[in-house]
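1. Next comes the sequence, and after it the predicted model I'd like to discuss.
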Amino acid sequence: GDSVTQTEGPVTVSESESLIINCTYSATSIAYPNLFWYVRYPGEGLQLLLKVITAGQKGSSRGFEATYNKETTSFHLQKASVQESDSAVYYCALGEAGSFNKLTFGAGTRLAVCP
Amino acid sequence: ETAVFQTPNYHVTQVGNEVSFNCKQTLGHDTMYWYKQDSKKLLKIMFSYNNKQLIVNETVPRRFSPQSSDKAHLNLRIKSVEPEDSAVYLCASRDWGASAETLYFGSGTRLTVL
């Protein structure tokens, strides 16, 4: 089946440091998966951070970036300079194009940013 | 801003009991989902409803049954819970067929089965 593997947390970084959270995927039931990063801030529900639907493209939001690499089946999340407000749990996910009926999430990576 | 509401936030029960979780969305979306987040923190889709019609039913035990009175509500009933049902259950909604590209999640219901 489909699967997503991401950096095991917790990840602790200091404010203004750079960040990378690794994500690799295996899509056996979806020919052209869409790739997502979701985030859960403390006390809130999951929300979409960014999405990329085409291999080779990069998505960005709130200073975060991720590039859809079909060759390495990766979708790493990066930020050049994190802020304390970025502390949250980040989930990598893959899904069918145009549908959320087969959406597979990774286990999540808890990020703690220290002031 | 919360737009997908789940109740209760937490529920502790014993093996064999029946539980029911509620979910309501105020976004006017046509499609709602239930996901299960297990002890390994993996989210797996359980059910999907579009306009009160079941459109996705992943392989879940028959003791799980979704219930939808209208497109804004999708409840989840578990008859005779078992220890492996302990998890966080997440409700979500999306706008079917529109350009909307995202799911809106509730904050989850944590079930503990003793």
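-> Alright, I've got the coordinates. Numbering: from 1, shown residues only, chains lettered A, B, ... in the order given.
2. drop to CA atoms for contacts and neighbour counts, all remaining ones
-> OK.
3. So, low pLDDT: which residues of chain A?
-> Along chain A, the parts satisfying pLDDT under 70 run over A:98-101.
4. Enumerate the residues of chain A near chain B.
-> A:43-48, A:98, A:100-108 (C-alpha under 8 Å from any C-alpha of the partner chain).
5. Most neighbours among the residues you listed, please name it.
-> Counting neighbours by other C-alpha atoms under 10 Å in any protein chain shown, residue A:108 comes out on top of the residues of chain A next to chain B with 29 neighbours.
6. Tell me if I'm right that that one and residue A:93 touch.
-> No: if you go by C-alpha atoms under 8 Å, residue A:108 and residue A:93 don't touch, sitting 9.5 Å apart.
7. How many residues are close by residue 7?
-> All of this refers to chain A. 20.
8. not quite, I wanted chain B
-> 17.
9. ok, now residue B:76?
-> Neighbours around residue B:76, by other C-alpha under 10 Å: 19.
10. any idea which element it lies in?
-> strand B:75-78 (DSSP states H and E).
11. mean confidence for the helix or strand following that strand?
-> Where DSSP H and E defines the elements, the next helix or strand beyond strand B:75-78 is strand B:87-94. Averaging pLDDT along strand B:87-94 yields 93.
12. in its sheet, what does the very next helix or strand once past strand B:87-94 sit against?
-> Per DSSP H and E, strand B:87-94 leads on to strand B:104-105 as the next helix or strand towards the C-terminus. In the sheet, strand B:104-105 lines up against strand B:87-94 (antiparallel) (DSSP bridges).
13. In what element of secondary structure is the residue nearest the centre of chain B found?
-> The centroid of chain B falls nearest to residue B:34 when counting by C-alpha atoms, centre = their mean (3.0 Å). In the assignment (DSSP H and E), residue B:34 maps to strand B:31-37.
14. Next, the buried residues of that strand.
-> For strand B:31-37, a neighbour-count test (16 or more other C-alpha atoms under 10 Å in any protein chain shown) marks B:31, B:32, B:33, B:34, B:35, B:36, B:37 as buried.
15. now stretch A:62-73
-> A:64, A:65, A:66, A:67, A:68, A:69.
16. For the first one, which non-adjacent residue is spatially closest?
-> Distance criterion C-alpha to C-alpha, 6 or more residues apart in numbering or on different chains; nearest residue to residue A:64, sequence neighbours excluded, is residue A:79 at 4.8 Å.
17. Look up phi and psi at that neighbour.
-> Residue A:79 adopts backbone torsions of phi -150, psi 140, taken as degrees, to the nearest 10.
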